[in-house]
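In: mind looking at a prediction? Sequence and model below.
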Amino acid sequence: MKADKQLIINKKITLGYNINQFFSETKYKIIFVPKFPTKNYYFKGKKKSKLMVGKNSFFDVFFNNEHKRKYLDMEGSYNKGTSCEIFMEFTNQEHNFFTYRWLVQTMVNAGIVIPFFTKVDLNERLHFEIVGVGQGKICSIDFLNMDYIPTFLFYEENKYHDFITNEPNSDSANDFLEILSSNYINIESYDDVCKIFNQYSFSNHIDIDDMAVSFFELNKDFFYIRPRGDWKYICWNYDRPKKYYDLVKKSLPLNIFIGTNDKNKFNNFCSNIINNLGNMKEIDLIDQIKFTMVSYSNIYDIPINNDGLCIYLNSDITWNKNIFELLYFGNTNIAISMYDEKLILFNCDHSFWKEGGNIDTIIEKDVGIIPNYYTYI
């Protein structure tokens, strides 16, 4: 994007409101915080983090026949391709495993491509609430253990001074002072917003010319920036839900290969995985996994000799997660997802493996990323 290009400024946008007029009238001070600590993030007063259990979550999608009946049993009509009826069925659903999977994989591969927008409430206690961004992003950043995210922060300066004066030693005051003592940038015009997008490379992922600015609430106190278009359509086309659903169901019970030549070490690691499965009503998850010991030198024989999705784990890893979380990082279009060779999610059905591919010749588009926190030793 050219630095001298005039971007959206002086255009009439959402609600016929001019964005620079917003900056001149708003009661809020607005700053950009490149590393906002997510420990302070709340959504409607409660932090959201569960992507594995609950309505429309992983286990609901793959083990609940009612959910499958709702919008995955489309064998006849699905084969017609991008049928409008099927897509509308998908968009009418709430956040679910497939929308979360798209968000998680997008964040892992590209990072946060649009900063968060956050309001600071200083009436009774420090309270951070996201503006114009829903539960999905909060769940995803928590699932990915992201400690810091970029955000535009809105707060009223007079209330801030009163709050710090009245609550000088409170945890809330200290948290806010910590944020304001970090590196931040004052935002006073839309030009400043555009400079932020360029400086922090957000514009590498989002064309600022093709972004929409929305104002919130009747008094238009807040704004946020979003890409134009239907994000659910992007999610739908990213990796069709039915294709991935079929791949996962084909892969159950899930083949888990443990890299070790020590039988005791193998048994202990298997027990550790089982102990971290959690308790699921009406589902015996132990029946959904199958363990195999494998030599370190035979890792890349796994996708040649198996079908569906398979997981390889080095037995030196300290495993403390639900093994099924890794299926959030799978994709029918990707041959292998990994951080390093201590943990690998193979898509054995991918053409790369079916055609006898050598790992040394794999290309970037066939490789996905799994966060490194799964591989701590």
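Out: Right, received. Where do you want to start?

In: CA atoms for contacts and neighbours, from now on please.
Out: Will do.

In: so after the helix or strand encompassing residue 214, what's the next helix or strand?
Out: For residue 214, the enclosing helix or strand under DSSP states H and E is strand 211-216. Using DSSP H and E, the helix or strand that follows strand 211-216 in sequence is strand 222-227.

In: neighbouring strands of that following strand in the sheet, and parallel or not?
Out: Sheet partners assigned to strand 222-227 using DSSP bridges are listed as strand 211-216 (antiparallel).

In: got phi/psi on the residue most central in space within the chain?
Out: The residue lying closest to the centre of the chain (Cα atoms, centre = their mean) is residue 104, at 2.6 Å. Note on residue 104: its backbone torsions stand at phi -60, psi -50 [degrees, to the nearest 10].

In: is it in contact with residue 140, as I believe?
Out: Yes: applying Cα atoms under 8 Å, one finds residue 104 in contact with residue 140, separated by 5.7 Å.

In: list the contacts of the nearest residue to residue 116 once chain neighbours are set aside.
Out: Leaving aside its sequence neighbours, residue 116 sits nearest to residue 151 (Cα to Cα, 6 or more residues apart in numbering; 4.3 Å). Counting by Cα atoms under 8 Å, 6 or more residues apart in numbering, residue 151 makes contact with 32-36, 115-118.

In: dump the residue contacts of the residue nearest to the centre of the chain.
Out: 140-141, 144, 328-329 are the contacts of residue 104 under Cα under 8 Å, 6+ apart.

In: mind giving me the ChimeraX command for buried ones among those?
Out: In ChimeraX, this line selects whichever of the contacts of residue 104 come out buried by 16 or more other Cα atoms under 10 Å:
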select :140,141,144,328,329
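
In: what two of the contacts of residue 104 are the furthest from one another?
Out: Spatially, the most separated pair among the contacts of residue 104 is 141 and 329, at 14.2 Å (Cα to Cα).

In: what separates the closest residue to residue 238 other than its chain neighbours from residue 231, distance-wise?
Out: Spatially, and ignoring its direct neighbours in sequence, residue 238 is nearest to residue 102 (7.3 Å; Cα to Cα, 6+ apart). Distance of residue 102 to residue 231, computed by Cα to Cα, to the nearest Å: 10 Å.

In: then residue 150?
Out: For residue 150, the distance to residue 231 equals 20 Å [Cα to Cα].

In: then residue 135?
Out: Going from residue 135 to residue 231 by Cα to Cα gives 14 Å.

In: in helices only, show me the contacts of residue 104.
Out: In helices, defined here by DSSP state H, the members of the contacts of residue 104 are 140-141.

In: just the helices from the stretch 251-377 of the chain, written as ranges.
Out: Taking DSSP state H, counting those that start in this stretch as the test, the helices found in the stretch 251-377 of the chain are 263-275, 302-305, 351-354.

In: buried residues, the first one. List them.
Out: In terms of neighbour count (16+ other Cα under 10 Å), helix 263-275 has its buried residues at 265-266, 269-270, 273-274.

In: residue 185 and residue 120: what is the separation?
Out: According to Cα to Cα, residue 185 and residue 120 sit 16 Å apart.

In: now residue 154
Out: Residue 154 is 6 Å from residue 120, by Cα to Cα.

In: neighbour count for these two, which is higher?
Out: residue 154 (26 against 18; other Cα atoms under 10 Å).

In: right, and the helix or strand after the helix or strand containing residue 138?
Out: Using DSSP H and E, residue 138 falls within helix 135-143. Remark: after helix 135-143, the chain's next helix or strand is strand 148-155, criterion DSSP H and E.

In: any stretches of the stretch 201-350 of the chain with poor pLDDT?
Out: 206-212, 216-220, 227-229, 279-283 (pLDDT under 70).
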